[in-house]
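S.K.: Here is a sequence together with a model predicted from it:
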Amino acid sequence: MSYDFTFDIKSVRFDENYRPAESTRTTTNFANLARGERCQENLRNALTMIDNRFNTLAHWDNPKADRYAVELEIITGELSVAAEGTTFPAIEMLKTTIIDRHLDKRIEGMTGNNFSSYVRDYDFSVWLSEHNKERSEFGIPEGFGDLHGKLFKRFVDSEAYRSVASKAPVICLSVSSNKVYRQTENRHPVLGVEYVNDTSSLTDFYFAKMGLQVRYFMPPHSVAPLAFYFSGDLLADYSDLELISAISTMETFQKIYRPEIYNANSAAGKVYQPHLTHQDYSLTRIEYDREERSQLAVEQGKFAERYFIEPFRHVLERWSADVAL
């Protein structure tokens, strides 16, 4: 029997009235903000921060810093297993649309930004954890990230993805607290000053399986570099406004979730190692429970194991063996 995976797109507007669907990973940045008694205020404040940051970076022909607004849409790639007649919410990303109030125009922004995957939760919080439970030294299981990488590539190459985005996604993450970053002489007018590090992280390894490479930039008026994962040419393939849509969105999330790094009261120097134990930082007015988020990652990894990995293991192994990374 021939097995194949196809994707359908579901989308929902991310605004102050957003409420997560039952299938949405609750550890996801945008979903975590939409919980608790103050969820609407949380969302409103975060969206205001995104708009303000966008206008600060897109300062040309924008004297009052009010020209632009950013609309966010959650894009879910629902995976269908052809011979099984079932679907699974495999991948979620954020798609941005830029509103130019001066020209009364809607402009396509970056797709990707935040990246969410139940299979990634399974890989890191279940498979990797079990693999290292009895080991004296940390190790990576054989084939770690292969299935996830192939699913991601299939999604980006799908007609479903092309129906909502004209360019490849760019994923924007926090830098690693286990690495040292060094400032270079390279500067971009929007992305800012580039940093490099000497060694690859496990995240770099994992995202490489997805066909993505990484560069680190600290945008103007930022205090720490961001990690941009992309295919192609980050600087040549995207417009300044597209890059700003990613920076403004993800820097806002990072200020909320990693204030020790991204809302620090002093900027990264020429040699920089981020620390989550750093004390000289400011808090936003947005509530967030980081400890709960880490606990939920394990639960959601087990959810993926129970409802996707185990029931379709024979299908996944056969399909993965036939598809090159």
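M.R.: In hand now; what should we look at?

S.K.: The helix or strand L147 falls within packs against which elements?
M.R.: For L147, the element it lies in under DSSP states H and E is helix 146-156. Helix 146-156 is packed against strand 5-14, strand 68-81, strand 86-100, helix 118-122, helix 202-208, helix 313-322, with contacts defined by 3 or more Cβ pairs under 8 Å, 6 or more residues apart in numbering; DSSP states H and E. Glycine gets a C-beta too; all of them are placed from N, C-alpha and C.

S.K.: For the helix or strand that it is followed by, buried residues please.
M.R.: Toward the C-terminal end, the helix or strand that comes next after helix 146-156 (DSSP H and E) is helix 159-162. Residues 160-161 are the ones in helix 159-162 that count as buried (16 or more other Cβ atoms under 10 Å).

S.K.: and M210, that one's in a strand?
M.R.: No - according to DSSP: H, G, I helix; E, B strand; the rest coil, M210 belongs to no strand; its state is coil.

S.K.: quick one on the thing from earlier: go through the helices and strands packed on helix 146-156 and name the closest to R258.
M.R.: For the helices and strands packed on helix 146-156, proximity to R258 was assessed by Cβ to Cβ; helix 202-208 is nearest, at 14.2 Å.

S.K.: and that closest one, how far from the chain's centre?
M.R.: Between the centre of helix 202-208 and the centre of its chain there are 13 Å (Cα atoms, centre = their mean, to the nearest Å).

S.K.: Over to stretch 93-108?
M.R.: Distance, stretch centre to chain centre, for stretch 93-108: 20 Å (Cα atoms, centre = their mean).

S.K.: And the contacts of that stretch?
M.R.: When contacts are defined by Cβ atoms under 8 Å, 6 or more residues apart in numbering, stretch 93-108 is touched by residues 11, 14, 30, 54, 61, 66-75, 77, 109-116, 164-166, 169, 171, 241-242, 245-246, 249.

S.K.: can you do 6 Å?
M.R.: Stretch 93-108 has contacts (Cβ atoms under 6 Å, 6 or more residues apart in numbering) with 67-73, 75, 109-115, 169, 241, 245.

S.K.: Got the phi and psi for the residue most central in space within the chain?
M.R.: The chain has N114 as the residue nearest its centroid, 2.5 Å off, counting by Cα atoms, centre = their mean. Phi and psi for N114, reported as degrees, to the nearest 10, are phi -70, psi 140.
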